[in-house]
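[1] give the three-dimensional model of this entry:
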Amino acid sequence: MLHIKTIRENADIVHASEEKRGRDPIIVKNLLEIDGNYRSELKILEELRATRNLVSEEINTAKKNGNNDDATHRIAKMREVVTQLK
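    Numbering: from 1, shown residues only. The predicted structure is shown next:
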């Protein structure tokens, strides 16, 4: 079994190997496409989590400073981010 990093870095070699073994080399292309989709979705997820963490800190700061209107606004923003995370 090959590590996905190896397949990413040596796609041509893996493609040729699959052909040599009599397997359909389109599998390598499909795998790389799925991996690319996964990595882009993972990036979006990590950005949303970072936003959630930042907004959470802003809410705490607003509440500590007694600015409840600002905290309420940021809580609404946080709910949008949490909905996107689901």
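
[2] what residue is smack in the middle of this structure?
    Leu42 (1.1 Å; Cα atoms, centre = their mean).

[3] next one, pLDDT for it please.
    pLDDT, Leu42: 95.

[4] all helices for the protein, in order.
    Under the criterion DSSP state H, helices of the chain are mapped to 4-9, 11-20, 26-64, 68-85.

[5] weakest of those by average pLDDT?
    helix 68-85 - the lowest mean pLDDT of those, at a mean of 81.

[6] mind listing what's buried in that one?
    Going by neighbour count (16 or more other Cβ atoms under 10 Å), the buried part of helix 68-85 is 71, 74-75, 78, 81. Quick note: C-beta positions are derived from backbone N, CA and C, even for glycine.

[7] now do the residue nearest to the centre of the chain against His73, distance only.
    According to Cβ to Cβ, to the nearest Å, Leu42 and His73 sit 29 Å apart.

[8] next one: Asn30 relative to Asn68, how far apart?
    On the measure of Cβ to Cβ, Asn30 and Asn68 end up 52 Å apart.

[9] again with Asp24
    Separation of Asp24 from Asn68 (Cβ to Cβ) stands at 61 Å.

[10] again with His15
    60 Å.

[11] do Asn10 as well
    Taking Cβ to Cβ, one finds Asn10 at 57 Å from Asn68.

[12] what do you get for Gly36?
    Gly36 is 44 Å from Asn68, where distance means Cβ to Cβ.

[13] doesn't Leu32 make contact with Ile4?
    No. Between Ile4 and Leu32 no contact is recorded; they are 9.0 Å apart, counting by Cβ atoms under 8 Å.

[14] these two: which has the busier surroundings?
    Leu32 (16 against 13; other Cβ atoms under 10 Å).

[15] so what's that one closest to, chain neighbours aside?
    Distance criterion Cβ to Cβ, 6 or more residues apart in numbering; nearest residue to Leu32, sequence neighbours excluded, is Ala11 at 6.0 Å.

[16] is it true that Ser56 touches Met78?
    Yes. Using Cβ under 8 Å, Ser56 is in contact with Met78, at 6.7 Å.

[17] isn't Thr51 right next to Val81, touching?
    Yes. Here Thr51 lies in contact with Val81, judged by Cβ under 8 Å, at a distance of 5.3 Å.
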